[in-house]
Structure formats: structure tokens, C-alpha cells
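Q: Only the shape, not the letters, is given here:
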């Protein structure tokens, strides 16, 4: 669609704080993290976007450190990024940080113009890889 090309990759390479991890002590459980304060900037309009980001994952050796996760998420306030890119970038960055067995990131974004948006991205470690 005309007019979106210069914005399509916006935010994908923005410098964001590092996400920390700590050593997991137990096997076979699921962690759910809910951040109801997601805020970023629409790269097309410059207007703020708001929503809730939920992360659900099964840890392997590492768990996400929540203080660093909060700093990472808060940094999106200054980033121009589309919803779809944000959810996929969050998934990519979290997988790199903790290398889970599986992870799902869901963004439920506040309605704009009467239309709400839900974006979901998933990761599952290929069988046999660590």
C-alpha cells in the first residue's frame, strides 16, 4: 500500500535495553508474564499506541529476569513500530535472551478508529536442538 513502504521496517533495529536471564531450577512448567502498559509510537502517524503484551513460555535452562524485561518493554515508548513488528521483535529478543523450549507472545492493542488488533507470534525449538 502506498505510503507505508518507508515505515514497514521501522523499529526492528532500534537499540533497546538488554533482557537478562537467570538459571532455571525446575523442569516442565510454564511462565506467563503480562505487561498491561505497552506503549509505542505508530511510525506512520506519530500517535501513541497502547496495549497489553502477554508472554507465555516453557523455560529450559534460563528464565527471563523481570526487572530487565520491564526496562526493555518501557523502552518501546520511544520507538516507532507497527504492532506486528513489535510482537515479532519481542519474541525474537526474548528467545535470544532465555532460549526457551517454546514461547508465545500476544499483543492485544487498544482500539483505534473502533478497531482492536490482536497479534500472536510463536516459537518452538526444533527437535534435537539445545
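A: The structure has been received and is ready for your questions. What you are looking at is a predicted structure, and each value in this text was computed from that prediction instead of being measured. Residues are numbered from 1 along each chain as shown.
Q: dump the residue contacts of the closest residue in space to residue 10 that isn't next to it in sequence.
A: Leaving aside its chain neighbours, residue 10 sits nearest to residue 43 (3.7 Å; criterion: C-beta to C-beta, 6 or more residues apart in numbering). (C-beta placed from N, C-alpha, C; glycine too.) The contact partners of residue 43, by C-beta atoms under 8 Å, 6 or more residues apart in numbering, come to 7, 10-11, 80-82.
Q: any idea how far residue 43 is from residue 5?
A: Separation of residue 43 from residue 5 (C-beta to C-beta, to the nearest Å): 11 Å.
Q: just residue 51 next, same as before
A: 24 Å.
Q: Neighbour count for the two, which is higher?
A: Using other C-beta atoms under 10 Å, the more surrounded residue of residue 51 and residue 5 is residue 51, with 24 against 8.
Q: What average pLDDT does the helix or strand where that one lies get?
A: For residue 51, the enclosing helix or strand under DSSP states H and E is strand 48-58. The average of the pLDDT scores along strand 48-58 is 97.
Q: That strand pairs with which strands?
A: Using DSSP bridges, the strands paired with strand 48-58 are strand 31-41 (antiparallel), strand 102-112 (antiparallel).
Q: Centre of the chain to the first one, how far?
A: Taking C-alpha atoms, centre = their mean, to the nearest Å, the mean C-alpha location of strand 31-41 is offset from the chain mean by 8 Å.
Q: who touches it?
A: Identification of contacts with strand 31-41 by C-beta under 8 Å, 6+ apart yields 11, 47-59, 63-64, 66, 69-70, 73-74, 76-81, 86, 107, 109.
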